[in-house]
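> build me a model:
(chains A, B, C and D, ligands or ions: 2)
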There are 2 protein chains.
Amino acid sequence: MLKLSKKVEYGLMALLHMDSLEPGSLVTAKEVSDQFAIPSELLGKVLQALARASLVESVHGARGGYRLKQSLDTLTLGEVVDALEGPFHLVRCHENPATCDQFESCNIREPVLQIQDRLMGYLSAFRLAEFRSKRPAVAGKR
Amino acid sequence: MLKLSKKVEYGLMALLHMDSLEPGSLVTAKEVSDQFAIPSELLGKVLQALARASLVESVHGARGGYRLKQSLDTLTLGEVVDALEGPFHLVRCHENPATCDQFESCNIREPVLQIQDRLMGYLSAFRLAEFRSKRPAVAGKR
DNA sequence: GTATATACGACCTTTTTAGTCTGCTTTCAA
DNA sequence: TTGAAAGCAGACTAAAAAGGTCGTATATAC
Ligand code: SF4
Ligand code: SF4
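Numbering: from 1, shown residues only, chains lettered A, B, ... in the order given. Ligands and ions are numbered 1, 2, ... in the order given. Got it, this is the predicted structure:
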């Protein structure tokens, strides 16, 4: 509970890495997976999901790869989580009431919405640019 | 990811229910589990954990049960989560670095601490009293 | 045309969560 | 004094979610 999933961690690592490259340059899933010791097929799926959500851009075929589509200054943690995990719900009934045996008698459903809203607001306000503070920009090229 | 566990939900439901009873009155795990359609053995464990953490007080033996030990005005969401799930860590390396294959190459470990701190701060600041807003206090006695 | 890359979905394995069961101890009250 | 009602503890099983793998299709540079 309340732990980042590997999907999100991998996505953040990749986004941050791309940010350190020359703007516009492409990087392949394999290159990133090698550098960060991430299973390449898995990272592939993560990057594909980020591409679907237009956080990154993909180039097909040989000499293809991925590049940032938005600056980390405008990207937020909320967008990444949403792209990789789908809409954020703190309790299951907010997606599908039928899955909860306590739905009828529940006395916390409404109040929990407050918490969820504030948490979501926080995620949406957290800009990924904060991740690169004090990290030297390492020049990298393919 | 980022979902309340049933343990925490059950704990919150029970705490909120106890708050609606006459101050000092006892309630058994069975009574609460019946009222909220929670498996009684499971709720028992939850209440036992809350007792160990001194959020509630337990009375042994026949005619025993549980009662609040602190007012919801002073109890926080952070305390409940901590009692039921243990210390809050957003990423696994903060508990045990050896369990992460990406530890050596990780470029997000430090920045994630910021997020964790703010999230934890939020949980610790959220008082359970907010849960009972606008709910009528139902008199209940055993 | 072939090598290299993304894209997608099915599948398997591992880990975590949820729930169950058994047996014990404590206490009340008949 | 004894049985029922409660809390307490831990092992166990079942279900669900997360993490990881594989096969194959498709796009593109050369
Ligand atoms: S217990 Fe209440 S809050 Fe949790 S999922 Fe069920 S209805 Fe929603
Ligand atoms: S990937 Fe980085 S942040 Fe996540 S657990 Fe491993 S070391 Fe920690």
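> could you use CA atoms for every contact and neighbour count after this?
Fine.
> ok, A:Gln102 - contacts?
By Cα atoms under 8 Å, 6 or more residues apart in numbering or on different chains, the residues touching A:Gln102 are B:Phe36, B:Ala37, B:Ile38.
> mind redoing it with 6 Å?
When contacts are counted by Cα atoms under 6 Å, 6 or more residues apart in numbering or on different chains, A:Gln102 touches B:Ala37.
> same question, the one 5 residues further on
By Cα under 6 Å, 6+ apart, no residues touch A:Asn107.
> measure A:Lys69 to chain B for me?
20 Å (Cα to the nearest Cα, to the nearest Å).
> for the residue nearest to A:Thr28 when sequence neighbours are not counted, name its beta-bridge partners.
Using Cα to Cα, 6 or more residues apart in numbering or on different chains and skipping the chain neighbours, the partner closest in space to A:Thr28 is A:Gly65 (4.3 Å). Judged by DSSP bridges, the bridge partners of A:Gly65 are A:Val59.
> what about A:Gly65, how many residues nearby?
18 (other Cα atoms under 10 Å in any protein chain shown).
> same question, A:Glu110
12.
> now do A:Gly44
Each residue near A:Gly44 was counted by other Cα under 10 Å, and the total is 18.
> how about the helix or strand harbouring it: buried residues?
Assessed by DSSP states H and E, A:Gly44 sits inside helix A:40-52. Neighbour counts over helix A:40-52 (16 or more other Cα atoms under 10 Å in any protein chain shown) mark A:Ser40, A:Leu43, A:Gly44, A:Val46, A:Leu47, A:Gln48, A:Ala49, A:Leu50, A:Ala51 as buried.
> now do stretch A:64-79
Residues of stretch A:64-79 classed as buried by neighbour count (16+ other Cα under 10 Å): A:Gly65, A:Tyr66, A:Arg67, A:Leu68, A:Lys69, A:Leu72, A:Leu75, A:Thr76, A:Leu77, A:Gly78, A:Glu79.
> what ranges do the strands span in chain A?
With strands called from DSSP state E, chain A shows them at A:56-59, A:65-68.
> remind me which residues of chain A are low pLDDT?
Low-confidence regions of chain A, defined by pLDDT under 70, span residues A:134-142.
> up against ligand 1, what does it have?
A:Val91, A:Arg92, A:Cys93, A:Cys100, A:Gln102, A:Phe103, A:Cys106, A:Ile108, A:Arg109 (Cα under 6 Å from any ligand atom).
> next, format these as CSV and append distance to B:Val59.
Formatted as CSV, these follow (distance: Cα to Cα, whole Å):
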residue, distance to B:Val59
A:Val91, 32
A:Arg92, 33
A:Cys93, 34
A:Cys100, 31
A:Gln102, 26
A:Phe103, 29
A:Cys106, 26
A:Ile108, 26
A:Arg109, 29
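> whichever of those end up buried, select them in PyMOL.
Those of these that count as buried under 16+ other Cα under 10 Å are selected in PyMOL with:
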select buried, chain A and resi 91+92+102+103+106+108+109
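> excluding chain neighbours, what is closest to A:Cys93?
Excluding the flanking residues, the one nearest A:Cys93 by Cα to Cα, 6+ apart is A:Cys100, at 6.3 Å.
> related to what we said a few turns ago, from the residues of chain A next to ligand 1, which land in helices?
A:Arg109 (DSSP state H).
> which one among the residues of chain A next to ligand 1 gets closest to B:Ser20?
A:Ile108 (13.0 Å; Cα to Cα).
> need the residues of chain A near ligand 2, please.
Residues of chain A found near ligand 2 (Cα under 6 Å from any ligand atom) are A:Glu9.
> where along chain A do the helices fall?
Taking DSSP H as the criterion, chain A contains helices spanning A:6-20, A:29-36, A:40-52, A:77-85, A:109-125.
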